[in-house]
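*Asks:* missing the sequence, but the structure's below:
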């Protein structure tokens, strides 16, 4: 042994093990799938509020149950270093603030306070997607969760593509095609990672430490 | 930690190395616990690749030396064994790292 283990790399590797199960990837994929199918389901007469609630419950339920039933029995629980926990708190606060800004923006635009003309204060689809991409990139780097960048990139690309497809395909295909393709890509990666995780880590007995050993 | 200038004294420094930490499996356990706040037994087993019995045995030794804190808790009615490094263990690991670094950097 001519060198000691690189503790920074080890810490990063341990932290990244939280994302290796594909559960978060599938959650992003489900949210993207929801965006793809929203206009179609809305046209079928399902109220928007009910749609959003159902989609959030589906994605949130998958995340909680997936972590509890798939991840925990296989790789157990880890509480990251204090520095990582602080970062996670900051990321969560940034995410909530960003979400609230977007909601406020949509409300202001829908009630006509913000104008819709190009070049005005209102965001064009391109600037909207660039903003999303910037936020997702920063979050991916801060969290060392690089799949978030791919999810953000696909989402950011889907917005202007949807706008371009609208005159050609009309609703609901203009959303269904770009967001659906993005969702399928993310879900495929997510399920592939999940399958690999399950194969690599079989379920283990939960009562564990044997003091007699 | 002693400071040695001539090669013989530097090699002799190795005699002061904490053998409890130096054993590869225990070194691995302590390195993992050093970079996190705490983890359960299953997580440690997965990360280190040690068997249940082997990990338990090494943890018992580290606990007896006061380097590792082992706590049994119930998470949603399921028993879980949580492991963390004590301040004594953290200090022992720091000392071990410094001693080894000092020795290894002097190698030709």
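*Replies:* Yep, it's here. Model, not experiment: these values are computed from the prediction. Residues are numbered from 1 along each chain as shown, chains lettered A, B, ... in the order given.

*Asks:* three-state assignment of the residue nearest the centre of chain B?
*Replies:* Residue closest to the average C-alpha location in chain B (CA atoms, centre = their mean): residue B:30, at 2.7 Å. Residue B:30 falls in the helix class when you classify it by DSSP: H, G, I helix; E, B strand; the rest coil.

*Asks:* so what's it closest to, chain neighbours aside?
*Replies:* Spatial nearest neighbour of residue B:30, chain neighbours left out: residue B:93 (5.1 Å); criterion: CB to CB, 6 or more residues apart in numbering or on different chains. Bear in mind the C-beta positions are built from the backbone N, C-alpha and C, glycine included.

*Asks:* picking that back up, ok, now which ones touch the residue nearest to the centre of chain B?
*Replies:* B:21, B:62, B:67, B:68, B:85, B:89, B:92, B:93 (CB atoms under 8 Å, 6 or more residues apart in numbering or on different chains).

*Asks:* over to residue A:198?
*Replies:* Neighbour list for residue A:198: A:70, A:74 [criterion: CB under 8 Å, 6+ apart].

*Asks:* rerun that using 7 Å as the cut-off
*Replies:* Contact analysis of residue A:198 by CB atoms under 7 Å, 6 or more residues apart in numbering or on different chains lists nothing.

*Asks:* about what we covered before: my read: the residue nearest to residue B:30 touches residue B:21, true?
*Replies:* Yes. Look at residue B:93 against residue B:21 with CB atoms under 7 Å: they come within range, at 6.3 Å.

*Asks:* for the longest helix anywhere in chain B, list every residue counted as buried.
*Replies:* As assigned by DSSP state H, the longest helix anywhere in chain B is helix B:87-105. By neighbour count on 16 or more other CB atoms under 10 Å in any protein chain shown, the buried set for helix B:87-105 is B:89, B:92, B:93, B:96, B:97, B:99, B:100.

*Asks:* helices or strands up against that helix?
*Replies:* If you count contacts as 3 or more CB pairs under 7 Å, 6 or more residues apart in numbering or on different chains; DSSP states H and E, helix B:87-105 packs onto helix B:7-13, helix B:19-22, helix B:24-34.

*Asks:* looking at those helices, which is buried most?
*Replies:* helix B:24-34 (a mean of 20; mean count of other CB atoms under 10 Å in any protein chain shown).

*Asks:* where does the chain have low pLDDT?
*Replies:* Answering for chain A, as no chain was given. For chain A, the stretches with pLDDT under 70 are A:1-4, A:106, A:109-110, A:114-123, A:205-213.

*Asks:* I was after chain B.
*Replies:* For chain B, the ranges with pLDDT under 70 are B:1-7, B:9-13, B:106-108.
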